[in-house]
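1. for reference, the sequence and a predicted model appear below.
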Amino acid sequence: TLGQIRVQGSCNGQGFTAGDTVAVTTSAKLHAGGPYSSAANRVTAALAIRPFTPDNPKVTGFQFDSAERTEGRKPDSETLFENQGNLDENGLQSQSFTIIDSPIWYGQLTVESSVQDDRGKSIASRAAVPCFGRDRYVGVLQADWPLQEGQKAKVQIAVVDKDGKIVAGVPITVKTEHKK
């Protein structure tokens, strides 16, 4: 059965970085016309890790890490915001939250707005945008894999901004380890 309401959720940008404020607007309207007012509403924002692959031919093949490892593991996702409330008399609710520093350095921010109808069913709408936890990313390219004993290995390093443009002059430290 088709629900009696249409829910739309939106956020105020096409991408976000740590420290940005995300404004979420939820709207519910009756299919027959007019607002669906005073209904229970829930907004959830989750950040899921995604591979960072800049669209720049100069760094093709470089590997850029998307998350911090904790105890040898990367997080899959993290809930950044969750709030419940009620729509106003116009069927609207606006909420905002700030993107916090996260162990996920790059990922997809999914904002879900759901509204409960008079039968107790939730109707949801989702918006997904890229989320950048850092302003620069370090990539590694090691073309001579597998390594050969007694032979020098060549490692290339590139630093790019969130748009994939190479950033020169960034001091970095590279540490290699040899495991016996």
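-> Received, thanks.

2. all contacts plus neighbour counts: C-alpha atoms, from now on.
-> Noted.

3. Ala35 pairs with what?
-> One thing to correct before we go on: residue 35 is Pro, not Ala. With DSSP bridges applied, Pro35 shows beta-bridge pairing to Lys29.

4. give the contact list for it.
-> Pro35 is in contact with Ala28, Lys29, Glu89, Asn90, Gly91, counting by CA atoms under 8 Å, 6 or more residues apart in numbering.

5. in what helix or strand does the residue in the chain sticking out farthest from the centre lie?
-> Computed with CA atoms, centre = their mean, the maximum C-alpha offset from the centroid of the chain is found at Gly150, amounting to 42.6 Å. Using DSSP states H and E, Gly150 falls within no helix or strand.

6. quick one: low-confidence parts of the protein?
-> Low-confidence segments of the chain, defined by pLDDT under 70: 1-3, 178.

7. please enumerate the strands of it.
-> Using DSSP state E, the strands of the chain run over 5-11, 16-17, 21-30, 40-49, 63-64, 77-86, 92-98, 106-116, 122-132, 136-141, 156-161.

8. ok, which of these comes nearest Lys180?
-> Across the strands of the chain, Lys180 has its closest neighbour in strand 136-141 (22.5 Å, CA to CA).

9. quick one: list the elements packing against that closest one.
-> In terms of contacts (3 or more CA pairs under 8 Å, 6 or more residues apart in numbering; DSSP states H and E), strand 136-141 is packed against strand 63-64, strand 156-161.
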